[in-house]
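*Asks:* turn this into a structure:
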Amino acid sequence: MEMGLTPIVCIAQDYIQGKPVDDLRLCKVILELPDNKTEHLPG
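*Replies:* From the prediction side, this is the model:
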């Protein structure tokens, strides 16, 4: 279905212990977390 809208892409950079996450697999897992809650992840 076309809506005539231009898509917007948001790119977020996640950090663990002050270092950017470079692992694409880990980024995908973080983005799939409900509400991006990371309290159960180390760091």
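*Asks:* make it CA atoms for all contacts and neighbour counts henceforth
*Replies:* Fine.
*Asks:* could you list the low-pLDDT ranges of the protein?
*Replies:* Counting by pLDDT under 70, the chain contains low-confidence ranges at 1, 10-12, 35-43.
*Asks:* helices of that one, start to end?
*Replies:* For the chain, the helices defined by DSSP state H occupy 24-32.
*Asks:* could you report the neighbour count for Val21?
*Replies:* Burial of Val21 is recorded as 15 neighbouring residues (other Cα atoms under 10 Å).
*Asks:* swap that for Glu2, please
*Replies:* By the criterion of other Cα under 10 Å, Glu2 has 4 neighbours.
*Asks:* swap in the one 5 residues further on?
*Replies:* Using other Cα under 10 Å, the number of residues around Pro7 comes to 6.
*Asks:* what's the answer for Cys27, then?
*Replies:* As a burial measure, Cys27 scores 15 neighbours (other Cα under 10 Å).
*Asks:* skipping adjacent residues, who's closest to it in space?
*Replies:* Nearest residue to Cys27, sequence neighbours excluded (Cα to Cα, 6 or more residues apart in numbering): Val21, at 6.8 Å.
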